[in-house]
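In: the amino acid sequence is not available; the structure is as follows:
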């Protein structure tokens, strides 16, 4: 029922974030959020299943876009490049949301249960990325590894982007994160032999100071 | 008080895992676990704060070992190499636990709340790794990125190790995970210019199929 409200979802998100900042997550009710947004509780539950979900409503759409972009990449493209390009493709969505993203990050950092939900969302995203990479022909352990590297790139890019006083696009920061990952990998000790052949040598390697 | 019980911790872990497998996590009580281990509930609570913690009791000790190993690595060692070596140093601890680790993985995969606890533990480990890398002089975004790459390596190595019918050491599988990460990175499209200079070029790059 209820009449259509212009940008009800955005208004509810904004109201929830303000209230979580002002009085904390635990002391904010769905009723409070709806009232602040000038909407009803009924409208709230049309968009979100619970109070916590307000801060994560975009994640399904972003995940779908990421998976679609990876799936559309040329077969010849290196898997990790395809993943990085998919994150770059999110830039327009993020563009207008830097202020919201900063506040959201602070609220999540301040509330353990929101942090846990964030971890679950990222884990779900990693699983979706691994699934589309397998569909592109990557074997299972490598697909999961590349997905995990992708999540590390995305988190790094997101932090750089949120903190960027020069307001550069997320795509720029994905590029910076990829460059940092390449630098970190290039700086590693060479591992010329395969794991099987070097088994004995490697066993002796770890040295723990006592 | 209660008398000292030989390997009470290990017996409780084993009993809990058996019961979670047999009747599910939700239908297993602390009383059941203690009874199966031939111990009292009082003894259980001397080792674990709750039923869920039984499967994660090793994580603090492993985290301490990882952080210590990274801290003891030569200053000249590349950060990601130091992290990989620290995981290799866990091999002796894992050596006798492959059967337990496989069962534990199945139980965790079957229970969402255990999976969430696992994610939190890995996130805590990533934060601890990032902290010791910062102490070694790495800047904040890079420390977090390398820690994230380290977690991706560890998870990948753990999966390979748990599934390894040839029973090779975890250290071997850390080497395989690092090699896979290097391959994935080497296969990426080159990014010759810095993020700032290539800003305009990169903006035009993402292509989403409609």
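Out: Perfect, I can see it now. None of the values given here were measured: they were computed from a predicted structure.
In: so residue A:178 is in which element?
Out: helix A:170-186 (DSSP states H and E).
In: check which helices and strands that helix sits against.
Out: helix A:79-88, helix A:91-95, helix A:140-163, helix B:79-88, helix B:140-163, helix B:170-186, helix B:199-203 (3 or more Cβ pairs under 8 Å, 6 or more residues apart in numbering or on different chains; DSSP states H and E). No exception for glycine: its C-beta is placed from N, CA and C like everyone else's.
In: these: which one's closest to residue A:40?
Out: Closest to residue A:40 of the helices and strands packed on helix A:170-186 is helix A:91-95 (Cβ to Cβ; 27.9 Å).
In: list the buried residues of that closest one.
Out: A:91, A:94 (16 or more other Cβ atoms under 10 Å in any protein chain shown).
In: right, and the helix or strand after it?
Out: Next element after helix A:91-95 (DSSP H and E): helix A:98-110.
In: just the pLDDT for the residue nearest to the spatial centre of chain A.
Out: Centroid-nearest residue in chain A: residue A:122, 5.4 Å away (criterion: Cα atoms, centre = their mean). Residue A:122 carries a pLDDT score of 96 in this model.
In: Provide a list of residues in contact with it.
Out: The contact partners of residue A:122, by Cβ atoms under 8 Å, 6 or more residues apart in numbering or on different chains, come to A:151, A:155.
In: helix or strand: which one has it?
Out: Using DSSP H and E, residue A:122 falls in helix A:112-135.
In: off-centre distance for that helix?
Out: From the chain centre to the centre of helix A:112-135 is a distance of 8 Å (Cα atoms, centre = their mean, to the nearest Å).
In: what's the closest of the helices and strands packed on helix A:170-186 to residue A:52?
Out: helix A:140-163 (19.8 Å).
In: check whether the closest one contacts chain B.
Out: Yes - Helix A:140-163 reaches chain B (Cβ under 8 Å from any Cβ of the partner chain) through A:141-142, A:144-146, A:148-149, A:151-153, A:155-156, A:159-160.
In: possible to save these as a markdown table with neighbour count?
Out: Converted to a markdown table, these look like this (neighbours: other Cβ atoms under 10 Å in any protein chain shown):
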| residue | neighbour count |
| --- | --- |
| A:141 | 19 |
| A:142 | 19 |
| A:144 | 22 |
| A:145 | 29 |
| A:146 | 28 |
| A:148 | 24 |
| A:149 | 29 |
| A:151 | 20 |
| A:152 | 25 |
| A:153 | 25 |
| A:155 | 18 |
| A:156 | 24 |
| A:159 | 17 |
| A:160 | 21 |
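In: mind putting those into a markdown table with distance to residue A:188?
Out: Formatted as a markdown table, the residues of helix A:140-163 next to chain B follow (distance: Cβ to Cβ, whole Å):
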| residue | distance to residue A:188 |
| --- | --- |
| A:141 | 19 |
| A:142 | 18 |
| A:144 | 20 |
| A:145 | 15 |
| A:146 | 17 |
| A:148 | 17 |
| A:149 | 14 |
| A:151 | 20 |
| A:152 | 15 |
| A:153 | 17 |
| A:155 | 21 |
| A:156 | 18 |
| A:159 | 23 |
| A:160 | 22 |
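In: related to what we said a few turns ago, for the helix holding residue A:122, buried residues please.
Out: A:114, A:116-123, A:125-126, A:128-130, A:132-133.
In: which of the residues you listed sits closest to chain B?
Out: residue A:119 (4.5 Å; Cβ to the nearest Cβ).
In: so that closest one versus residue A:82, what's the distance?
Out: Residue A:119 sits 24 Å away from residue A:82, going by Cβ to Cβ, to the nearest Å.
In: not including adjacent chain positions, what is the nearest residue to residue A:12?
Out: Nearest non-adjacent residue to residue A:12, counting by Cβ to Cβ, 6 or more residues apart in numbering or on different chains: residue A:37, 4.9 Å away.
In: return the set of buried residues in stretch A:40-53.
Out: So stretch A:40-53, judged by 16+ other Cβ under 10 Å, has buried residues A:40, A:43-44, A:48, A:51.
In: minimum pLDDT in these, which residue is that?
Out: Per-residue pLDDT puts residue A:51 lowest of the buried residues of stretch A:40-53, at 92.
In: what score does the closest residue to that one other than its chain neighbours have for pLDDT?
Out: Nearest non-adjacent residue to residue A:51, counting by Cβ to Cβ, 6+ apart: residue A:30, 5.6 Å away. Residue A:30 is assigned 97 on the pLDDT scale.
In: separation between residue A:30 and chain B?
Out: 23 Å (Cβ to the nearest Cβ, to the nearest Å).
In: correct me if wrong: that residue contacts residue A:40.
Out: No - using Cβ atoms under 8 Å, residue A:30 is not in contact with residue A:40; the gap is 10.2 Å.
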